[in-house]
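Novice: got a predicted model here, sequence first, then my questions.
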Amino acid sequence: MSFRGLSRPNASSGMGVADHSKNTFMELKQKKVHRYVIFKVDEKKREVVVEKTGGPAESYDDFAASLPDNDCRYAVFDFDFVTSENCQKSKIFFIAWSPSTSRIRAKMLYATTKDRFRRELDGVHYEIQATDPTEMDLEVLRERAH
């Protein structure tokens with residue numbers, strides 16, 4: 001079995017994943033320099049690239065406002081919370097944002113690329129598929145994290 005071209009796209013796995021995308025996720029996970037990262041599929045480069053990062057002081061509302069109303073995106077959000085035992089915890093959420101108003105072509109492209117991209121992000125605790133903001137509300141994250 002050859003591993004050459006492992007990060008190259010093929011018909012069954014969608015797009016490739018830019019090294020910068022993986023590195024930015026690792027910065028969020030290990031160094032906590034980002035609260036969130038939003039990724040988009042760059043059709044010209046045929047890979048998933050970083051579109052935007054949010055600093056550690058940014059809120060969930062800042063993150064949600066950064067997602068487009070009518071186009072698909074992938075995102076990771078580092079959710080901090082305090083447990084009932086008063087312990088500070090953090091869980092990383094992967095969110096596949098596919099609003100109902102986005103183009104069918106975009107929905108198909110993001111759907112076929114999601115599993116391949118998601119496998120590159122080692123350390124995600126929970127995954128959410130959202131077609132409107134209520135499906136990824138802060139309360140949804142709280143319930144999943146506890």
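Specialist: Received it, and whenever you're ready, just let me know what you need.

Novice: do a quick rundown of the strands in the protein.
Specialist: Assigned by DSSP state E, the strands in the chain fall at 16-17, 36-42, 47-54, 73-82, 88-97, 126-130.

Novice: may I see the ones you listed arranged in TSV, with distance to E27 as well?
Specialist: C-beta here means a position set from N, CA and C on the backbone, and glycine is covered the same way. Shown next, in TSV, are the strands of the chain (distance: least, Cβ to Cβ, whole Å):
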stretch	distance to E27
strand 16-17	15
strand 36-42	8
strand 47-54	8
strand 73-82	11
strand 88-97	12
strand 126-130	20
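
Novice: could you tell me the least trusted of the ones you listed?
Specialist: When the strands of the chain are compared by mean pLDDT, strand 16-17 comes last with a mean of 92.

Novice: sheet-wise, list the partners of that one with their directions.
Specialist: Applying DSSP bridges to the sheet, strand 16-17 is found paired with strand 47-54 (parallel).

Novice: about what we covered before: do you know which of the strands of the chain lies nearest R119?
Specialist: Within these, the stretch nearest R119 is strand 16-17; the backing value is 9.1 Å (Cβ to Cβ).

Novice: F63: which of the strands of the chain is closest?
Specialist: From these, taking Cβ to Cβ, the stretch that ends up closest is strand 36-42, at 4.4 Å.

Novice: and that closest one, how far out from the chain's middle?
Specialist: Its chain's C-alpha centre and that of strand 36-42 lie 7 Å apart, by Cα atoms, centre = their mean, to the nearest Å.
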